[in-house]
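In: I would like to see how this sequence folds:
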Amino acid sequence: MTSFQSAPVPGEPPPADSVRPRDSTLDAPTSVSRLNDTIRGFISTWGSVWVEGELTSWNARSGGVFARLKDLAGDAEISVRIWSSTLARIPADLKVGDHVVASVKADYFVKRGDFSFTVASMRHMGIGDQLERLERLRAQLRAEGLFDASRKRPIPFLPHVIGLITGQNSDAEKDVLRNAQLRWPHVRFRTVHAAVQGDRCVPETLRALEALDADPDVDVIIIARGGGDPQTLLGFSDERLLRAVAAAGTPIVSAIGHDNDRPLLDDVADLRASTPTDAAKRIVPDVAEQRALVAQLRSRLTTRLTHRVTHDIAQLEQLRSRPVLRAPEGMIHSRAQDLDVLTSRGRERIARAIDHASRRTSELRASLRALSPAATLERGYAIAHRQDGMIVRDASDAPASTPLIITVGRGSLAARSEGEIDETATVPAADGTGHVGTPN
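Out: This is a model prediction of the structure:
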């Protein structure tokens, strides 16, 4: 959609006398100032034109914004300038990658001989093709989990060998090496140079990544570039490179551009560094800081150990000051006295119990003797029982001629019953009188 509001139309050959002073000859050439004035006068006759394109650069400065518009179908670009007074009339969210349409007017700066276009108006025309493709790829990779923090590999604390992929003799390479060696002088690098923009960027970076990832000595790999506009950083959003980084076995650090440069490599890599310098600082520890940290930890450890030993000594002294530890034999002596008292009491109680039991035994023995048949037999009585063991209690139990056994106080004797006798008969009495009682 290209149309000019006033003639002459750019692209048509202007009259010869309109682009050079009529008085210019080989012997009398015109001056640079007069030539620039003539060109500016010619360009000033051009009107404004509406042009469609994609923003590939957006640099804000004090006087306004310097930007570049790229043709959507080809590689042609133009430089445009937006004065600060115009910024208030255009969308505030314009950024690199936006598909826009702008009203521009050609301008020629006489002093420097620069040609550019001044923007009078600009508005969105949707997302540019490149940005749209990147957004679709971003959504796809996010859905596949390539951006998840759970799959990010940790960066080793002190890598033995650092792999570096960057442009040859680039500022990014110098920044990484210089800052890393300043922080840890003995750090080692294995650098593979690759194109960091253009058609060679992706294949060379892939070959370098494959070589370093296969090296068992390499602990971490840095992919570094010194920034640039999104057009030059497209290689670091290439799907082939992103999937190779995700599949690598070695942790990958993305150090592409500056804080406002965000290729998709930043999201897939295990660590994003804002600049190559930041990558060196985040991967290589500072030897001075580590020494200070070791000294600090050593001091803290000494303090803690001293405090612990002092505390334990105080606790030990407190325990040693207790009577049981200061004079442990005192407890034994006091317990010995208690043991003597208890032993004496036990002996007395046992003696009393034995005396009581002896007296009780004597009493029971006396009672048993008094009640024992043997005592009765000792007094002269006898027990008569038949041979079958039956004790004769009735005269009828031992009729005449019945064999009897007579048990007396000392021994037994055999006898034979003469039958029942008259109770009035005289028999020897136990008291020696010869009578046992008065007859009825």
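In: Which SSE is immediately downstream of the strand or helix carrying residue 307?
Out: Per DSSP states H and E: residue 307 is located in helix 287-320. Remark: after helix 287-320, the chain's next helix or strand is helix 323-326, criterion DSSP H and E.
In: Who are the packing partners of whichever helix or strand comes after that next one?
Out: Once the chain leaves helix 323-326, the next helix or strand it forms, by DSSP H and E, is helix 328-371. Contact partners of helix 328-371 among helices and strands, from 3 or more C-beta pairs under 8 Å, 6 or more residues apart in numbering; DSSP states H and E: helix 323-326. (Glycine included, C-beta is placed from N, CA and C.)
In: Which elements pack onto the helix it packs on?
Out: Partner elements for helix 323-326 (3+ C-beta pairs under 8 Å, 6+ apart): helix 328-371.
In: mind giving me the domain ranges of the protein?
Out: Here the domain assignment for the chain is 16-127, 133-287, 376-416, based on automatic domain parsing.
In: what's the burial count for residue 66?
Out: 15 (other C-beta atoms under 10 Å).
In: for it, helix, strand, or coil?
Out: strand (DSSP: H, G, I helix; E, B strand; the rest coil).
In: Tell me where the chain has helices.
Out: 32-43, 84-87, 129-143, 171-183, 201-213, 239-247, 265-268, 276-283, 287-320, 323-326, 328-371, 373-378 (DSSP state H).
In: right, and those helices - which one's nearest residue 97?
Out: helix 129-143 (3.4 Å; C-beta to C-beta).
In: hmm, back to that, deepest-packed of the helices of the chain, please.
Out: The highest average neighbour count among the helices of the chain, using mean count of other C-beta atoms under 10 Å, belongs to helix 276-283 at a mean of 23.
In: Render the CA-only coordinates of that helix in CSV, please.
Out: In CSV, the C-alpha atoms belonging to helix 276-283 read as follows (Å, rounded to 0.1, in the frame of the first residue of the first chain):
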residue,chain,number,x,y,z
PRO,A,276,28.3,-12.7,28.6
THR,A,277,29.9,-10.9,31.6
ASP,A,278,27.0,-12.0,33.8
ALA,A,279,27.5,-15.6,32.6
ALA,A,280,31.2,-15.6,33.7
LYS,A,281,30.2,-14.2,37.1
ARG,A,282,27.4,-16.7,37.6
ILE,A,283,29.4,-19.8,36.6
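In: what pLDDT, on average, does it get?
Out: Per-region confidence: helix 276-283 scores 91 on mean pLDDT.
In: Between helix 171-183 and that helix, find me the angle.
Out: Angle of helix 276-283 versus helix 171-183, following axes from the mean of the first three to the mean of the last three C-alpha atoms, to 10 degrees, is 40 degrees.
In: re earlier: could you save the helices of the chain as JSON lines and add columns showing distance to residue 57?
Out: Formatted as JSON lines, the helices of the chain follow (distance: least, C-beta to C-beta, whole Å):
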{"stretch": "helix 32-43", "distance to residue 57": "23"}
{"stretch": "helix 84-87", "distance to residue 57": "16"}
{"stretch": "helix 129-143", "distance to residue 57": "13"}
{"stretch": "helix 171-183", "distance to residue 57": "19"}
{"stretch": "helix 201-213", "distance to residue 57": "18"}
{"stretch": "helix 239-247", "distance to residue 57": "23"}
{"stretch": "helix 265-268", "distance to residue 57": "19"}
{"stretch": "helix 276-283", "distance to residue 57": "21"}
{"stretch": "helix 287-320", "distance to residue 57": "38"}
{"stretch": "helix 323-326", "distance to residue 57": "85"}
{"stretch": "helix 328-371", "distance to residue 57": "91"}
{"stretch": "helix 373-378", "distance to residue 57": "143"}
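In: closest one to residue 119 among the ones you listed?
Out: Nearest of these (C-beta to C-beta): helix 84-87, 6.1 Å.
In: what's in contact with the closest one?
Out: 62, 63, 64, 65, 119, 120, 121 (C-beta atoms under 8 Å, 6 or more residues apart in numbering).
In: Show the buried residues in the residues you listed.
Out: If you count burial by 16 or more other C-beta atoms under 10 Å, the buried members of these come out as 64, 65, 119, 120.
In: wait, which of those residues is closest to residue 319?
Out: Proximity of these to residue 319 was ranked by C-beta to C-beta; the top entry is residue 65 with 80.1 Å.
In: and that closest one, what pLDDT?
Out: Reported pLDDT for residue 65: 91.
In: Can you tell me, leaving aside adjacent residues, what's nearest to it?
Out: Nearest non-adjacent residue to residue 65, counting by C-beta to C-beta, 6 or more residues apart in numbering: residue 82, 4.3 Å away.
In: if I pick that neighbour, what's in contact with it?
Out: 64, 65, 66, 67, 90, 118, 119, 122.
In: Might one say that the first one is in contact with residue 88?
Out: No - between residue 64 and residue 88 there is no contact, the gap being 11.0 Å when judged by C-beta atoms under 8 Å.
In: Pull out the buried positions in stretch 141-160.
Out: By neighbour count on 16+ other C-beta under 10 Å, the buried set for stretch 141-160 is 141, 146, 147, 159.
In: Generate TSV for those, with pLDDT and distance to residue 296 as supplementary columns.
Out: Below are these laid out as TSV (pLDDT from 0 to 100; distance: C-beta to C-beta, whole Å):
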residue	pLDDT	distance to residue 296
141	93	43
146	92	40
147	92	37
159	92	24
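In: Mind checking which of those are in strands?
Out: Counting by DSSP state E, none of the members of the buried residues of stretch 141-160 fall within strands.
In: how about those, which pair is most distant?
Out: 141 and 159 (26.7 Å).
In: separation between residue 164 and residue 252?
Out: As judged by C-beta to C-beta, to the nearest Å, residue 164 and residue 252 stand 12 Å apart.
In: Can you check which residues contact both of those two?
Out: Counting by C-beta under 8 Å, 6+ apart, the residues touching both residue 164 and residue 252 are residue 221.
In: contacting residues for residue 284?
Out: Applying C-beta under 8 Å, 6+ apart to residue 284 gives the contacts 158, 159, 162, 179, 180, 183, 184, 187.
In: which among those residues gets closest to residue 114?
Out: Among these, and counting by C-beta to C-beta, the member closest to residue 114 is residue 179, at 36.6 Å.
In: Show me which of the contacts of helix 84-87 is closest to residue 56.
Out: Among these, residue 65 lies closest to residue 56 (C-beta to C-beta), at 13.4 Å.
In: what's that closest one in contact with, if anything?
Out: With C-beta under 8 Å, 6+ apart, residue 65 has these contacts: 58, 59, 81, 82, 87.
In: Try it again at 7 Å.
Out: 58, 59, 82, 87 (C-beta atoms under 7 Å, 6 or more residues apart in numbering).
In: what pairs with the second one across the strands?
Out: It stands for residue 59. Residues in a beta bridge with residue 59, per DSSP bridges, are residue 66.
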